[in-house]
Each structure stands twice: as C-alpha cells, then as structure tokens.
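*Asks:* Kindly return the folded structure for what I paste below:
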Amino acid sequence: MWIDDDRLTQEDFGIGTYPKKCPICGKDSIHLLMYRHSEMSTNGACWIWCSSCEKYSHINVTIPDWWDNYDRLGSDKLFASPEHNIDDERENIDKWVNKLINEKVDTPKEEPKSINEDKTLYVIKINTQKILTEEKAELAAQLCRCDKEQAINMIENHGFELYPMPAADISLVKKELEFKKFDFTVSPEYKW
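*Replies:* Okay, the predicted model is just below:
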C-alpha cells in the first residue's frame with residue numbers, strides 16, 4: 001500500500017541519475033516525475049516515489065526551465081499516488097529524467113536589452129502590513145480594485161497579490177509602491 005511520506009521532498013532533482021537511493025529503505029529505487037501545468041508557466045507538480053518501500057511525495061513545485069513534460073502521461077493520467085500509473089512507467093520515466101538532466105545547460109539567461117523587450121510577466125505581492133495613511137489606503141484600493149475598507153482589510157490580514165503584468169508596467173507600479181513606502185516583493189511568473 002502506497003504511503004505519502006514528506007521525507008522524500010528533500011530530493012535534489014536537478015542532479016544525479018535515476019533511480020536514486022531511497023532515504024527510507026536504502027534501495028536504489030527513488031524515481032522522479034515533474035509536470036509543468038502550461039508551457040508559459042513555471043508552476044507544476046512533482047512526484048518523488050520509491051518503488052521498493054512504496055513511499056511517495058506529491059508536491060507543487062516551481063518547474064526548472066530545462067524541464068520538458070514526459071509526453072506519455074498527460075495531466076488526465078496523473079494522480080497523487082504513483083500506484084495508479086506512473087510507477088508502471090518508472091523505467092521510461094527514469095530514462096526521460098536522466099536525458100533531461102544530462103542535456104540541461106547551465107548557461108546564464110540573456111537579459112533583455114530594454115524594459116520593452118522583457119517578455120517576462122511579473123507578479124507584485126504586497127506583503128501583510130498596516131495601512132496608516134489615506135494616501136496608502138487610496139493606492140491599495142486602486143491596486144486591489146476594490147473599496148478602501150476591503151483593500152485595507154486584505155493587506156492588513158493577508159497581503160495581496162496583483163495580477164501578472166509586463167516589466168514596463170511593473171516599473172511604474174513599483175515606483176508608486178516605493179514612494180508610498182509599501183512593503184512588497186516582485187517575482188517573475190511567466191515567459192511569453
């Protein structure tokens with residue numbers, strides 16, 4: 001019977017050869033499969049499982065740029081537990097993963113020459129914080145697209161993540177947030 005075990009989430013999946021040694025049973029039977037939800041996204045799922053002791057972990061991850069989905073299993077055939085079908089494909093999956101790891105190139109990404117050439121969509125997360133001025137409340141309402149009370153409540157209790165936007169727009173929003181002294185983070189979300 002397959003059992004979900006968080007000890008497998010410590011797997012460093014960018015190096016080595018599969019199958020790897022299981023940290024639980026000690027056998028060379030750890031396998032890995034990742035699945036990118038869409039070509040434009042870095043979001044995806046990861047399965048790490050041991051075909052010997054039947055322990056597994058299914059987690060959400062940021063998919064590395066070098067990863068290509070294993071095309072013999074589409075999203076309609078992927079389930080949390082590997083027993084349903086991915087363990088049956090483990091040898092082919094290992095070959096696929098090893099091929100991707102061996103072919104990955106750690107070359108630095110070419111930076112865009114200008115902000116208008118940057119094809120990354122960015123997300124701004126306004127971190128949880130107190131809104132003490134009317135100016136901050138007005139900007140929060142504008143960015144959150146709701147009334148001031150709702151915006152203040154969201155930011156003070158949970159923070160708020162703005163919709164993805166291109167670099168040119170992000171720079172304008174960042175300047176405004178910095179000017180109003182908001183605490184925020186910016187992260188790349190998608191390439192297009």
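*Asks:* how near is Val173 to Asn43?
*Replies:* 22 Å (Cβ to Cβ, to the nearest Å). C-beta: built from backbone N, CA, C; applies to glycine.
*Asks:* same question, Lys55
*Replies:* 25 Å.
*Asks:* out of the two, which sits in the busier spot?
*Replies:* Lys55 (22 against 14; other Cβ atoms under 10 Å).
*Asks:* Surely the more buried one is in contact with Ile48?
*Replies:* No - counting by Cβ atoms under 8 Å, Lys55 sits too far from Ile48 to count as a contact (9.0 Å).
*Asks:* Pull up the overlap in contacts between the two.
*Replies:* Counting by Cβ atoms under 8 Å, 6 or more residues apart in numbering, the contacts common to Lys55 and Ile48 are Leu8.
*Asks:* quick check, distance from stretch 120-140 to the centre of its chain.
*Replies:* Here stretch 120-140 is found 23 Å from its chain centre; the criterion is Cα atoms, centre = their mean, to the nearest Å.
*Asks:* Can you measure across that stretch, start residue to end residue?
*Replies:* End-to-end span of stretch 120-140 (Cα to Cα, to the nearest Å): 24 Å.
*Asks:* Repeat that for stretch 67-87.
*Replies:* First residue to last in stretch 67-87 (Cα to Cα) measures 20 Å.
*Asks:* burial of Met53, as a residue count?
*Replies:* One correction, residue 53 is Cys, not Met. Cys53: 17 neighbours (other Cβ under 10 Å).
*Asks:* my read: it touches Cys25, true?
*Replies:* Yes - using Cβ under 8 Å, Cys53 is in contact with Cys25, at 3.8 Å.
*Asks:* What residue spans form the domains of the chain?
*Replies:* 3-103, 120-191 (automatic domain parsing).
*Asks:* Identify the residues contacting Thr128.
*Replies:* For Thr128, the contact set (Cβ under 8 Å, 6+ apart) comprises 155-159.
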